[in-house]
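Undergrad: Predicted coordinates and the sequence they were generated for:
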Amino acid sequence: MKILIKALAKSQGNKWQVRLDQNAFTFRSEAEARAFADTLQSRIQAPHRFPEQHRSAG
């Protein structure tokens, strides 16, 4: 997954956008956008445990 951070030049108030694939999230400041992207990246890279599949005996 690719996370992109960019300034929205056409918007008022210098808004920033974080894009993850087809999803876009808008923030009021670069700091907020970068904090969100950092948290998102940490969660993506965190180890994930998948549920065990239960097999029925029979």
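TA: All right, it came through fine.
Undergrad: how near is the residue nearest the centre of the chain to Lys10?
TA: Geometric centre of the chain, nearest residue: Leu40, 4.2 Å, by C-alpha atoms, centre = their mean. According to C-beta to C-beta, to the nearest Å, Leu40 and Lys10 sit 24 Å apart. For the C-beta atoms, the positions are set from N, CA and C on the backbone; glycine is no exception.
Undergrad: And the strands in the protein, which stretches?
TA: 3-7, 16-20, 23-27 (DSSP state E).
Undergrad: can you state the direction angle for the first one and strand 23-27?
TA: Same thing as strand 3-7. If you take axes from the mean of the first three to the mean of the last three C-alpha atoms, to 10 degrees, strand 3-7 sits at 40 degrees to strand 23-27.
Undergrad: Packing partners of strand 3-7?
TA: strand 16-20, helix 30-45 (3 or more C-beta pairs under 8 Å, 6 or more residues apart in numbering; DSSP states H and E).
Undergrad: which of those is buried the deepest?
TA: Mean neighbours per residue, mean count of other C-beta atoms under 10 Å, is largest over the helices and strands packed on strand 3-7 for strand 16-20, with a mean of 17.
Undergrad: just the CA coordinates of that one, formatted as CSV?
TA: Taking Å, rounded to 0.1, in the frame of the first residue of the first chain, the C-alpha atoms of strand 16-20 are listed here in CSV:
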residue,chain,number,x,y,z
TRP,A,16,-3.6,18.7,3.4
GLN,A,17,-4.7,15.3,2.0
VAL,A,18,-3.5,11.8,2.9
ARG,A,19,-4.3,9.2,0.2
LEU,A,20,-4.3,5.4,0.7
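Undergrad: strand partners of that strand, parallel vs antiparallel please.
TA: Strands that pair with strand 16-20, judged by DSSP bridges, come out as strand 3-7 (antiparallel), strand 23-27 (antiparallel).
Undergrad: Let me know the average pLDDT across it.
TA: For strand 16-20, the mean per-residue pLDDT is 95.
Undergrad: quick one, it and helix 30-45 angle?
TA: If you take the same axes, to 10 degrees, strand 16-20 sits at 10 degrees to helix 30-45.
Undergrad: how far out from the middle of the chain is strand 16-20?
TA: Its chain's C-alpha centre and that of strand 16-20 lie 8 Å apart, by C-alpha atoms, centre = their mean, to the nearest Å.
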